[in-house]
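**Q** Here's my sequence, what's the structure:
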Amino acid sequence: MFLQTGPKYGEGYNISEYGEWRWSPMGLAGRDPIFFAQLESEFALLEELGASDLSSNLGTTCLSCHGAMGQRQLQIDAHADPDAKLDPNNFKPSYTLLHAPLTKAEEDKQRQDGVFAYHQYGNLAREGISCAVCHHIQPLSGQKGSQTTTRSIPI
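**A** Okay, here's the model as predicted:
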């Protein structure tokens, strides 16, 4: 919803759900520098304690909320197409720094590093936590074949 405050086009405020969410802590969760600084300190602590083998668990666990859209889409895609050889159990914080390659050299570098397939999940992870991550619509339980009867799942 756009609330117009003047006679000219664009004078006003975007008060839609998206406009409000986009700059909320939920919308910024995948870009929060304090979160990423804390995550780096946790990785350093694991390294110091000799438990760096737990790093993949830590990253995946933390990013299941802070990068929920990317992490969950990776799990969905990995299970839907096992031949793609995606690893849904190790969502690395570095994926959030990936982007669609703009040049052939960038694409070649991502392919060489083995991360090319993950840039789309990094893009989604940076978008934070959308409403759909927690609030879905699904068929009522016990209703076979019904695609018209739905309910909202409150969290």
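**Q** can we go C-alpha only for contacts and neighbour counts from here?
**A** Noted.
**Q** Show me where the protein dips below the pLDDT cut-off.
**A** Counting by pLDDT under 70, the chain shows low-confidence ranges at 137-155.
**Q** which residue is nearest the middle of it?
**A** By CA atoms, centre = their mean, the chain has its centre lying nearest to Ala125, at 2.5 Å.
**Q** secondary structure element for that one?
**A** Element membership of Ala125 [criterion: DSSP states H and E] is helix 119-126.
**Q** for that helix, packing partners?
**A** Helices and strands touching helix 119-126, by 3 or more CA pairs under 8 Å, 6 or more residues apart in numbering; DSSP states H and E, are helix 68-80.
**Q** ok, and for the helix it packs on, which residues are buried?
**A** Within helix 68-80, the residues scored as buried using 16 or more other CA atoms under 10 Å are Ala68, Met69, Gly70, Gln71, Arg72, Gln73, Leu74, Gln75, Ala78.
**Q** Correct me if wrong: the first one contacts Val133.
**A** Yes: under the criterion of CA atoms under 8 Å, Ala68 is in contact with Val133, at a separation of 7.0 Å.
**Q** for stretch 76-89, how far is the first residue from the last?
**A** End-to-end distance of stretch 76-89 (CA to CA, to the nearest Å): 11 Å.
**Q** what's next to that stretch, contact-wise?
**A** Identification of contacts with stretch 76-89 by CA atoms under 8 Å, 6 or more residues apart in numbering yields Ser56, Asn57, Thr60, Gln71, Leu74, Gln75, Ala117.
**Q** in the residues you listed, which two residues are the furthest apart from each other?
**A** Of all pairs drawn from the contacts of stretch 76-89, the greatest distance, 20.2 Å, lies between Asn57 and Ala117 (CA to CA).
**Q** Show me which of the contacts of stretch 76-89 is closest to Lys104.
**A** Using CA to CA, the contacts of stretch 76-89 come closest to Lys104 at Ala117, 14.8 Å.
**Q** Contacts only, for the residue nearest to the centre of the chain.
**A** Counting by CA under 8 Å, 6+ apart, Ala125 makes contact with Gly30, Leu63, His66, Gly67, Ala68, Met69, Gly70, Gln71, Thr96.
**Q** Compile these into a markdown table and extend it with columns for distance to Gly10.
**A** Formatted as a markdown table, the contacts of Ala125 follow (distance: CA to CA, whole Å):
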| residue | distance to Gly10 |
| --- | --- |
| Gly30 | 29 |
| Leu63 | 36 |
| His66 | 32 |
| Gly67 | 32 |
| Ala68 | 33 |
| Met69 | 31 |
| Gly70 | 32 |
| Gln71 | 36 |
| Thr96 | 32 |
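**Q** Sweet, I'm off.
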